[in-house]
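J.: Need the 3D shape of this:
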Amino acid sequence: MSRYDLIVIGAGAAGMMGAITAARNESRVLLIEKQKRPGAKLRASGGGRCNLANTLSNDKFIAQFGREGKFMIPALRALDHVALVEFFAGIGVECHAPDGFRFFPVTHQSDTVAAALEAEIKRLNIELVCNQKVQKLNHENGTVTGVATDTQSFEASKVIIASGGPGYPSLGADASGYDLAAATGHQINELFPAMLPLKTRETWVGKCRADTVGKVEMHINLPEAKRLHARGDLIFTENGIRGPVVLDFSREITPLLKKYGEVPLLVNLCQGMNEEQIRARIKKAQTGQPKGSVADLLAVFINRPLARELSKLTNIDPDLPYSKLPGQQRDNLIKLLVATPLTVTGHDGFAAAMVTRGGISLKQIKPETLESRMINGLYFCGEIVDLDGPCGGFNLQWAFSSGHLAGLLK
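T.: Below you'll find the model as predicted:
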């Protein structure tokens, strides 16, 4: 039976970083991956461009993860976005932030990042075993002793579980890591798909797929969720909504959807403008086209297909001159622009989810080291723990930072 200082389960972003960090500190490392090659989800991240971090300060970064974000403090202190960019430069991947916020490899290709990590794994003589699935975590007297795969067993005094969540099963993702943790008595907080498109009851959305609606503000219209909101670009689909604002907000919506069966939303389609600001903009637009139709003037804010559908929702002929609308109809239309109701009724589940909400309870993990409070020598990092963030490099930064901290084997 082969013996190692560390066994890492899962060769995604977190697992590869954990293995590299440990090997750089002269640990003998075995990295086990159930797929035929490492980094499948990493290669698909960011639409294949790999948004691996962002420029936010640690405090602002943490705030995006909600009340549990403070758990990340030690990991970010050990490897923040500045150190991460330096790490990648050191293995031949130059990064930049062309929009001043999101970091990408200058090639804008995820393969660049994955290939560099693989090359570093090879350089450090980390033993990489693919097409092997860990079936059991071995432990005695509260201390980890190794793992067993489908075909063999391996011994180690330290094990990192970095096997991710069940999102994107087409890339080989599953919940096996949670099963390993649960078998050792760890609490798994309920899993929900996150960062995915949503389906709506409203059918008119299918007629508005022409253009992206920029910088909308989205609120959940439930008493318990009044404080929750998101801002970003919205795209209507044949049967619902998608776009950055939806991907971000879905992590809040999917748990509520399971609880209530449907989730009502209110969407400001005019970049957060209030009613008076919208009236002023329309009045200004009228000076240039005093006989402009309702659709013409609404096009100042939104695309024409959407303008026509919103007009119909308020029983207004979109081709009618705006100046001829009765005051009440104008008010109704403007109120709709400020708060368009949509009802989320479903989604495509983990098959479409980029991220998992839920996971191993943070209460059972030491934030200073990411070691289990229950099993000595067992560490967790990345998506498998109960932490998830919005779009924009948040989840990959957490994966790399947590992998690095776990790999220090404190």
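J.: Could you measure from residue 152 over to residue 131?
T.: Distance, residue 152 to residue 131, by C-beta to C-beta, to the nearest Å: 12 Å. Quick note: C-beta positions are derived from backbone N, CA and C, even for glycine.
J.: typo on my end, it should be residue 226
T.: Distance, residue 226 to residue 131, by C-beta to C-beta: 49 Å.
J.: I'd say residue 31 and residue 124 touch.
T.: No - shown here, residue 31 and residue 124 do not form a contact pair, counting by C-beta atoms under 8 Å, at 10.3 Å.
J.: low pLDDT regions in the protein?
T.: Counting by pLDDT under 70, the chain contains low-confidence ranges at 1.
J.: for this protein, what spans make up the helices?
T.: 13-24, 40-48, 58-63, 73-78, 81-90, 110-123, 176-183, 244-260, 275-288, 294-298, 304-313, 327-338, 394-407 (DSSP state H).
J.: Quick check on residue 226 and residue 131: which one has the bigger neighbour count.
T.: Taking other C-beta atoms under 10 Å, residue 226 and residue 131 do not tie; residue 131 has more neighbours (13 against 10).
J.: right, and that one touches residue 34 too?
T.: Yes - with contact defined as C-beta under 8 Å, residue 131 reaches residue 34; the gap is 7.1 Å.
J.: Would you map out the domains in this structure?
T.: 2-193+356-407, 197-347 (automatic domain parsing).
J.: Ranking those domains by mean neighbour count, which comes first?
T.: Greatest average neighbour count among the domains of the chain goes to domain 2-193+356-407 (a mean of 20), per mean count of other C-beta atoms under 10 Å.
J.: contacting residues for residue 13?
T.: The neighbours of residue 13, taking C-beta atoms under 8 Å, 6 or more residues apart in numbering as the test, are 39, 41-42, 45, 117, 382, 396, 399-400, 403.
J.: Please produce CSV containing these, extended by distance to residue 291.
T.: Converted to CSV, the contacts of residue 13 look like this (distance: C-beta to C-beta, whole Å):
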residue, distance to residue 291
39, 59
41, 55
42, 56
45, 50
117, 62
382, 59
396, 52
399, 57
400, 58
403, 62
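J.: Show me the two of the residues you listed that sit farthest apart.
T.: 45 and 403 (14.6 Å; C-beta to C-beta).
J.: Once you drop chain neighbours, what's closest to residue 143?
T.: Distances taken as C-beta to C-beta, 6 or more residues apart in numbering put residue 376 closest to residue 143, at 4.3 Å, once the chain neighbours are dropped.
J.: actually residue 291, not the one I wrote
T.: Nearest non-adjacent residue to residue 291, counting by C-beta to C-beta, 6+ apart: residue 321, 5.5 Å away.
J.: Distance check, the residue nearest to residue 143 against residue 404.
T.: Distance from residue 376 to residue 404, by C-beta to C-beta: 21 Å.
J.: same thing with residue 365?
T.: 15 Å.
J.: list the contacts for residue 391?
T.: For residue 391, the contacting residues are 51, 195, 244, 247-248, by C-beta under 8 Å, 6+ apart.
J.: which residues does the nearest residue to residue 299 once chain neighbours are set aside contact?
T.: Distances taken as C-beta to C-beta, 6+ apart place residue 307 nearest to residue 299, at 5.8 Å, with adjacent residues excluded. Residues near residue 307 by C-beta under 8 Å, 6+ apart: 294-295, 298-299, 318.
J.: And for residue 279?
T.: With C-beta under 8 Å, 6+ apart, residue 279 has these contacts: residue 334.
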